[in-house]
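S.K.: predicted model and sequence below, questions to follow.
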Amino acid sequence: MVINFRRFVIVLTVVWLGLFVLVPHVLVLLTSVMSPDPQHLAVWPLTLNSWGRLLEPLYAEVFWHSLWLSTLTTAICLLLGYPFAYIVAKLPGVWRGLLLFLMIVPFWTNSLIRTYAIKLILGNKGLVNSLLLASGLVDEPVQLLYTPFAVIFGLVYVLLPFMVLPLVSSFGKLDGTLLEAAHDLGAGFWQRFRLIIVPLTMPGIIAGSLMVFLPAMGMFYVADLLGGAKNLLLGNIIKNQFLVVRDWPFGAAFSVALIGIMAVLLWLYFLANRRINRAGGLDDESF
Amino acid sequence: MTRSPILTLSNISKRFASQEVLSDFNLTIQDGEFFTILGPSGCGKTTVLRLIAGFEQPNEGQILLNGDDIARIPAEKRPFNTVFQSYALFPHLTVFDNVAFGLKMAGVDVQDIAVRVADALAIVRLSEFATRKPHQLSGGQKQRVAIARAVVNRPKILLLDESLSALDYKLRQQMQLELKQLQRQLGITFVYVTHDQEEALSMSDRILVMHNGQAQQVGTPREIYESPRNLFVAQFIGEINVFDGEIVQALGEYQYEASINGVVREIRCDHRFAVGDKVHVMLRPEDLRIDCRPDVAERKGFPGIVLERSYTGQTLNSHIELENGQTLMAHEFFDEDDPDFDYSINQKVGVDWVPGWEHVIPAERSGKA
Amino acid sequence: MMKVFKWSFIAAIFAYLYLPIAILVINSFNVSKYGYEWKGFTLNWYAKLWENEALAQAFLNSLLIATLAATAATLIGTLMALALYRYRFPLKATSSGLLFIVMMSPDIVLAITFLVIFIALGIQLGFWSLLIAHITFCLPFVVITVYAQLKGFDQYLLEAAQDLGASESRIFRLIIFPLVFPAIVAGWLLSFTLSLDDVIISSFVTGPSFEILPIRVFSMVKVGVSPEVNVLATLLLALSLLLVTFSTLLLRRKH
């Protein structure tokens, strides 16, 4: 039998993505409005109970704290990543390739192990405290580990490359003659930055923020290793509900809330792209 | 009309990473003229424009605007504006906001901006496109927005960098005409950079021909075309036939007898030569006359045979090989009395020209063309 | 001045990124168990890793999954990129939208969707569930790399091949595949990297029957310090660097 290549490729695409992406997302949405059951995980009837429980003070507090840590992480990544990406994008091809490659190398040790290394650095006997003590700036170790600072330090560490890569791509597409034109029309550095550079790299800014902000909420192992009991992330709750408490509808409700935030950010991303007449999505090559 | 110099480049040198692009370059542009810098790619013409605009700084030399040195003044502070080759329209701004950009930077009052932008858009006939984004415009429209965005600032000099090269042939011809009219209407000095000699000839008041970072000749289109100062200019602007000759006798001032391919002919020129000087005698294809009378004895001029002929509608273009192996090009207009006039390949002909139509310069190279 | 500032900034960022790695590598040779100070060179911890059978097994499992997932994702992703580039079909826009969602979704969300579908389909959590999940989250990165390359080349090339009588599968084999090969290699490396780096998704979709590094390591480092982990990190880094150098050389020789 001759297999039609074209049909094979199309069926593979549609079936794989349907079965392992579309259906699971629908199922999670469905789970979030089902009733919990320790034996069968999620059962009828449909109910909004889990959604209501999101507002319980205990969970709302973790949610806001998590949101706050993620926001700070995103802001710091942007602050470090934006100038970094600008410099890298302007470098000649060989250098740019090398520096981007060097951003990827740390990934090969697995992010959990790198987070563990940060624990060694920030600990009471760790590198930072050793330096502080040796320099005489402090008399006893500063408590760095198990603070919000440690969590943000770890999140920025793991997620910075995800901010940088879309930004480098955005800066790469920034047409230098547009800046010359603005220059020619009398715009100084800050005006060029505000009126041309920022709007034209907005898709990169939003994509980068999206790829830092949302994952940051989910990085339960960073919170587990560096944050202690007080600095939980949304991911810790979700993991707990799914794998320990086994209240799937409640865990799913949290996930859907996260998807909701993602949808809003994606919408902003497409708006920013449309503003400068790019397609966005997979056609955009932002990544 | 007498004009005064507005911009002078004096003794300019520019190096990029030790590669010298311009050295000891001089140029004077008159107020209100349409000045074109013409040359092949890599000749340094764009560098000259970018030096004037302020995107590059010269390593040595002065750029004088009405006598003041502006070489160290940044681009945004110079009273010049540029129309970029790629137009460089801001993709996230509307046509109106693109045109208004320079005025906003200059802190012009909002109401004045509205009036002046509307005027500029009216001049380029794009009034109804003010709210569009650049990607919703055709190439010609983008071109006009780029022009409006530059002229709205009332620059002392408008710089145009190969601004028509992205348009197709018909549109380019139309824009050439519009640019020329616009320049006359605004009275602004235009400095136009191009590699297209036809564009340069049709639009400019004066042309600078550049090659390898050197100014080859400055002059009106007519001077450049009819009296090229050297071989490069002659061959870059249009097509030309070059005969090698030697002065054999002076007949009077600017009048000599020269031996060309073994035949002694009388030539007129605007140089002084001594007997024995080698010269190039140059003729445009349209200045050659072909004698195709069947009788060899009656035929005038250098004998040759027709290698190839082609019909272009307006002219019959022929390639003719002389007995010494040199190939000539001749363009002849059709004669109304003889609509079927044509040559056959390998036909024996004579090639001649009207005395005085030749252009003579000192020889730059030896040997045959 | 500006240049000095520029390069110091770049250097500072890389110092931040590499400091933890350096500590891991150095401590893997450190006699001191706690790694707070240098007490002499040893290969003892490497031997310890060798003896810790469960950990060594998890290490090998991780490498196995990363290799298999990267290979499968590259294969499937290349075909998907081709489908999106070359064919019209119903649900095409939906397909590219779904890939985009996978790329943008935080890992925790993907982890849950995978868990839910595996339970719903009755797939035992272990090797297969882990492999499918890893393939899926790597897919968009392969697709986008290959798709960009496809868009880059002359569209008439494929028409020329068709005109000369090549069938679809031959066009793929003889024209498309060689032309997008660099993108395929890049996609594979990216997938391998993402798979090896993953913690969150793996935590949800694997079971006791098939343990991989992050799961095993997590329980070890949550409570205390564990020098074998330094050894693991060093080995992973060395192996990956070897792999990349090898593939870069291979790529360079081909082109």
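M.R.: Ah, there it is. Numbers count the residues shown, from 1 in each chain, chains lettered A, B, ... in the order given.
S.K.: residue B:93 sits in which helix or strand?
M.R.: For residue B:93, there is no host helix or strand (DSSP states H and E).
S.K.: same thing with residue C:238?
M.R.: Residue C:238 belongs to helix C:227-254 when elements are defined using DSSP H and E.
S.K.: do that helix and chain A meet?
M.R.: Yes: judged by CB under 8 Å from any CB of the partner chain, helix C:227-254 comes into contact with chain A through C:229, C:232, C:233, C:236, C:237, C:239, C:240, C:241. Backbone N, C-alpha and C define where each C-beta goes, glycine included.
S.K.: what residue ranges in chain B score low on pLDDT?
M.R.: In the predicted model of chain B, residues B:1-2, B:336-340, B:365-369 satisfy pLDDT under 70.
S.K.: follow-up on the earlier one: give me the buried entries from the residues of helix C:227-254 next to chain A.
M.R.: C:229, C:232, C:233, C:236, C:237, C:240 (16 or more other CB atoms under 10 Å in any protein chain shown).
S.K.: surely the fifth one meets residue A:108?
M.R.: Yes: contact between residue C:237 and residue A:108 holds when scored by CB atoms under 8 Å: they sit 5.5 Å apart.
S.K.: tell me where the model's unsure across the stretch 1-150 of chain A.
M.R.: A:1-3, A:38, A:40-41.
S.K.: strands of that one, start to end?
M.R.: A:35-37, A:41-43 (DSSP state E, counting those that start in this stretch).
S.K.: bridged to residue A:43, which residues?
M.R.: Residues in a beta bridge with residue A:43, per DSSP bridges, are residue A:35.
S.K.: what's stretch C:111-124 in contact with?
M.R.: Outside stretch C:111-124, the residues that touch it by CB atoms under 8 Å, 6 or more residues apart in numbering or on different chains are A:19-21, A:23-25, A:27-28, A:31, A:41, A:238, A:242, A:248, A:251-252, A:255, C:125, C:129, C:132-133, C:136, C:200-201, C:203-205, C:207, C:209.
S.K.: quick check, stretch A:134-141 touching chain C?
M.R.: No: judged by CB under 8 Å from any CB, stretch A:134-141 stays clear of chain C, getting no closer than 11.3 Å.
S.K.: and that stretch, C-alpha only, in PDB?
M.R.: Extracted C-alpha coordinates of stretch A:134-141, given in PDB (Å, rounded to 0.1, in the frame of the first residue of the first chain):
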ATOM      1  CA  ALA A 134      35.700  38.200  55.500                       C
ATOM      2  CA  SER A 135      35.300  41.800  54.400                       C
ATOM      3  CA  GLY A 136      34.100  42.800  57.900                       C
ATOM      4  CA  LEU A 137      30.900  44.300  56.600                       C
ATOM      5  CA  VAL A 138      28.900  42.100  59.000                       C
ATOM      6  CA  ASP A 139      29.700  40.200  62.200                       C
ATOM      7  CA  GLU A 140      27.400  37.300  61.800                       C
ATOM      8  CA  PRO A 141      25.900  35.700  58.700                       C
END
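S.K.: for residue C:154, the count of nearby residues, please.
M.R.: Neighbour count of residue C:154, defined by other CB atoms under 10 Å in any protein chain shown: 9.
S.K.: look up how far residue A:195 lies from it.
M.R.: Residue C:154 is 37 Å from residue A:195, where distance means CB to CB, to the nearest Å.
S.K.: output the below-cut-off pLDDT ranges for the stretch 101-250 of chain C.
M.R.: Ranges of the stretch 101-250 of chain C meeting pLDDT under 70: C:223.
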